[in-house]
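Undergrad: The following block contains a protein sequence and its predicted model.
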Amino acid sequence: MFPKGTKRKFSDSGEEPVSSSDQGQAASSAAAARTLSSSYSLQRQSLLDMSLIKLQLCHMLVEPNLCRSVLIANTVRQIQEEMTQDGTWQIMTQALAAAQCPADRLVATEVLCRQTDAAAQAGQSPKPFSGDVETEVTMSTLSPVSPQLSSASYLAGPFGEQVFGTFEIKHPAPPPDPALEELFSDVDPSYYDLDTVLTGMQSAPKMGPYDLLESLSSHGPTALSSSSSCRSDLNELDHIMEIIVGS
Amino acid sequence: MYCAPFWKKKKITDNFRADIISTVEFNYSGELLATGDKGGRVVIFQHEQESKNRPHLRGEYNVYSTFQSHEPEFDYLKSLEIEEKINKIRWLPQQNAAHFLLSTNDKTIKLWKISERDKRAEGYNLKDEDGRLRDPFRITSLRVPVLMPMDLMVEASPRRIFANAHTYHINSISVNSDHETYLSADDLRINLWHLEITDRSFNIVDIKPANMEELTEVITAAECHPHQCNVFVYSSSKGTIRLCDMRAAALCDRHSKFFEEPEDPSSRSFFSEIISSISDVKFSHSGRYMMTRDYLSVKVWDLNMENRPVETYQVHEYLRSKLCSLYENDCIFDKFECCWNGSDSAIMTGSYNNFFRMFDRNTRRDITLEASRESSKPRATLKPRKVSTGGKRKKDEISVDSLDFNKKILHTAWHPKDNVIAVAATNNLYIFQDKIN
């Protein structure tokens, strides 16, 4: 039933660690509580990452499914709300912001591999960066598909063009291309943050995974692109999956 | 309720995927059983009359008609493929010798007429028997054509095509009790059609938010009330059911009744909403109850009580501790259907590992059966199956981890009068009947 070799995820509800015995309660219960919470956080984080990847790869499904996308997006928002409440959300976004490497966030996947190494060398804990890499990689892979993603069944017509036109815009890299800026200056960048991810269309490849999560707090989830025209990029996606799974 | 199976297997063709059955439906008399598949084909089975030699056995269901209902399309404007998979088939009540059914894929609904031809006219004046026109100058005498019997031919012809009314994927169609109108529902909208009019439909429900970023809920199923032609229900991905009265307003965005069971706070998890999403809703034949299927259970609701269901049946509660894995492999999004028997005393729904479950509402007994070639020889009695949930696995029980989650029974149908059921297991169709006649 479960694919072999996958990391054990969310140890589903009901499997909490045992509580402490009568003796030495204070120390062991505190330790247990810490273990409990970190294990829970890890599981929750893992669920969040899984959900984000599912959303971004939605357009690769044989049968695009709005219901499924809405349910996954709601799950992501739920996790985000809980993490915001217990303060871990801010910690996570700050850690990522500090660790994000500037510049050199080009579309090509070989450059992303270099990006990966740079991120790893930053010495952060693997968890946030695996998420960072995964979502960046998948997001960037999607950008070459943009010519075909100019339409989506669940979005109004003009929206697709906006997103298509803006995918290079949100670039935190220091030297913005003045030509690009001018070209897309009239586009409203607030649109595509969440929408591009949740619609399975590419967002700015430069955007980190938690940029888009921030935008989740301001926007609700949106409809899903059901474009099947990305199949031509399966080769690239294979390459990306190797990176995610293999590394 | 213990069935003697005589199963009919659909031939596995080279194109395995196209043969996956996507809908199963008996007609009003139960004489015909229609199946639709992923390849856009409809196959209709007909109940053969009982043979005189073996009167204790009911007749079998044999293939009556096969036709291609929908073809794959390409939406050039949106650069999207439109799948030909038949999502739903609904029969119309029979009014003359022909049979009519509605079949739908994601975008287009079609009305098909299935008629028999068992006579042929012979002795035309103006043409030969093989159809060639005769030279009028050669005709020296007139004759009256005579009807001669011929081998039975069953013809299916599309009579109406209801297109271009849905932006999102159609998940339900339902014929109204007035036999003149029907509704079609997609993820965000429900339309009301007249069977005679194809270029127009009324939009009666629209839950699309002005800003799609605010979308958090979609329509998952809809059905017309079996007797009250002004009433229909639709279910949502948040586990709610809304009953609407079309007399109240042209646009039924405001419901007349709102059915939702309060959540059990002790079992709340990140998957609570997903497993509460309703995959199917069916009125009872009496029209007094309705049944909803969510991921783990089937619930029977009294239409007069909105705050909770009157009955809840656990289909596969042992999966509750596996929800994360089922989320990972996407099984948690599987949409199971459910159905009533003719007298509303029993309900049936599918599960994994080719298991399906039946619940007797009166005795509260339930049974798990398996639809597979290995476990059902023709004419043999089906053996009840059991999934072991505890530590010790008894003989003949199957453990949860051994279940095959690729073998899912999503579509089942119950004969409207008799104890005959049709179970679709991927690309095989099984028909079971009750031994006691």
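TA: Alright, I've got the coordinates. Remember, predicted model here, so these are calculated numbers, not experimental data.
Undergrad: got the contact list for B:Gly287?
TA: Under the criterion of CB atoms under 8 Å, 6 or more residues apart in numbering or on different chains, the contact list for B:Gly287 reads B:225-228, B:303. For glycine as for every other residue, the C-beta is placed from the backbone atoms N, C-alpha and C.
Undergrad: Relative to chain A, which residue of the stretch 1-150 of chain B is the closest?
TA: B:Lys78 (4.2 Å; CB to the nearest CB).
Undergrad: State the distance from that residue to B:Ile190.
TA: 22 Å (CB to CB, to the nearest Å).
Undergrad: And these two? Which one has more around it.
TA: B:Ile190 (24 against 21; other CB atoms under 10 Å in any protein chain shown).
Undergrad: so what's that one up against?
TA: So B:Ile190 contacts B:183-184, B:203-206, B:219, B:222, B:232, B:234, B:252 (CB under 8 Å, 6+ apart).
Undergrad: Averaging pLDDT per element, find the lowest-scoring helix or strand in chain A.
TA: The least trusted helix or strand in chain A, going by mean pLDDT, DSSP states H and E, turns out to be helix A:157-166, with a mean of 28.
Undergrad: on that earlier part again, how about the residue of the stretch 1-150 of chain B closest to chain A, secondary structure?
TA: Here B:Lys78 is coil, with the state taken from DSSP: H, G, I helix; E, B strand; the rest coil.
Undergrad: Which strand or helix spans A:Trp89?
TA: Per DSSP states H and E: A:Trp89 is located in helix A:88-99.
Undergrad: can you check B:Glu263 too?
TA: Using DSSP H and E, no helix or strand contains B:Glu263.
Undergrad: What about it, how many residues nearby?
TA: Counted with other CB under 10 Å, B:Glu263 comes out at 12.
Undergrad: how about the nearest residue to it, chain neighbours excluded?
TA: Closest residue to B:Glu263 apart from its sequence neighbours, by CB to CB, 6 or more residues apart in numbering or on different chains: B:Ser272 at 6.5 Å.
Undergrad: Out of the contacts of B:Ile190, which comes closest to chain A?
TA: For the contacts of B:Ile190, the nearest to chain A is B:Ile219 (8.8 Å; CB to the nearest CB).
Undergrad: my guess is the closest one contacts B:Asn191, does it?
TA: No: judged on CB atoms under 8 Å, B:Ile219 makes no contact with B:Asn191 at a distance of 11.5 Å.
Undergrad: any common contacting residues for these two?
TA: B:Ala185.
Undergrad: What residues does the stretch 1-150 of chain B have near chain A?
TA: B:75, B:77-81, B:83, B:85 (CB under 8 Å from any CB of the partner chain).
Undergrad: could you dump the residues you listed to TSV with pLDDT?
TA: Formatted as TSV, the residues of the stretch 1-150 of chain B next to chain A follow (pLDDT from 0 to 100):
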residue	pLDDT
B:Asp75	76
B:Leu77	76
B:Lys78	73
B:Ser79	73
B:Leu80	75
B:Glu81	82
B:Glu83	89
B:Lys85	95
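Undergrad: rewinding a little: give me the buried entries from the contacts of B:Ile190.
TA: Listed as buried from those are B:183-184, B:204-205, B:219, B:222, B:232, B:234, B:252; burial here means 16 or more other CB atoms under 10 Å in any protein chain shown.
Undergrad: can you pull the pLDDT of B:Glu374?
TA: B:Glu374 carries a pLDDT value of 76.
Undergrad: roughly how far apart are it and B:Lys407?
TA: 12 Å.
Undergrad: okay, the two: which has more neighbours?
TA: Ranked by neighbour count (other CB under 10 Å), B:Glu374 and B:Lys407 place B:Lys407 first, with 16 against 7.
Undergrad: List the contacts of that one.
TA: Contacts for B:Lys407 were tallied using CB under 8 Å, 6+ apart; they are B:352-354, B:372, B:425-426.
Undergrad: pLDDT score assigned to A:Ser226?
TA: 37.
Undergrad: picking that back up, is it correct that the residue nearest to B:Glu263 is in contact with B:Glu261?
TA: No: applying CB under 8 Å, one finds B:Ser272 not in contact with B:Glu261, separated by 11.9 Å.
Undergrad: May I have stretch B:28-38 as PDB, with CA atoms only?
TA: Extracted in PDB, the C-alpha atoms of stretch B:28-38 (Å, rounded to 0.1, in the frame of the first residue of the first chain):
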ATOM      1  CA  TYR B  28     -36.800   2.400 -14.000                       C
ATOM      2  CA  SER B  29     -38.000  -1.200 -14.600                       C
ATOM      3  CA  GLY B  30     -34.700  -2.800 -14.000                       C
ATOM      4  CA  GLU B  31     -34.800  -4.500 -17.400                       C
ATOM      5  CA  LEU B  32     -31.900  -2.500 -18.700                       C
ATOM      6  CA  LEU B  33     -28.500  -1.800 -17.100                       C
ATOM      7  CA  ALA B  34     -26.300   0.900 -18.600                       C
ATOM      8  CA  THR B  35     -22.600   1.300 -18.000                       C
ATOM      9  CA  GLY B  36     -20.400   4.200 -19.200                       C
ATOM     10  CA  ASP B  37     -16.600   4.000 -19.400                       C
ATOM     11  CA  LYS B  38     -13.600   6.200 -19.600                       C
END
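Undergrad: what mean pLDDT would you report for that stretch?
TA: 96.
Undergrad: just the contacts of B:Gly287 that are near chain A?
TA: Restricting these to those touching chain A (CB under 8 Å from any CB) yields no residues.
Undergrad: Narrow the residues you listed to those that are buried.
TA: Buried, going by 16+ other CB under 10 Å: B:225-226, B:228, B:303, out of the contacts of B:Gly287.
Undergrad: JSON lines for those, including pLDDT and secondary structure?
TA: JSON lines is the format used below for the buried ones among the contacts of B:Gly287 (pLDDT from 0 to 100; DSSP: H, G, I helix; E, B strand; the rest coil):
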{"residue": "B:His225", "pLDDT": "98", "secondary structure": "coil"}
{"residue": "B:Pro226", "pLDDT": "97", "secondary structure": "coil"}
{"residue": "B:Gln228", "pLDDT": "96", "secondary structure": "coil"}
{"residue": "B:Leu303", "pLDDT": "97", "secondary structure": "coil"}
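Undergrad: Looking at the residues you listed, spot the one nearest chain A.
TA: Among the buried ones among the contacts of B:Gly287, B:His225 lies closest to chain A (CB to the nearest CB), at 24.1 Å.
Undergrad: Please name the bridge partners of the closest residue to that closest one other than its chain neighbours.
TA: Spatial nearest neighbour of B:His225, excluding adjacent residues (CB to CB, 6+ apart): B:Val231 at 3.9 Å. Taking DSSP bridges as the rule, B:Val231 bridges to B:Asp245.
Undergrad: just the one 5 residues further on next, same as before
TA: Taking DSSP bridges, one finds B:Ile219 as the beta-bridge partners of B:Ser236.
Undergrad: That's all I had, so thanks and see you.
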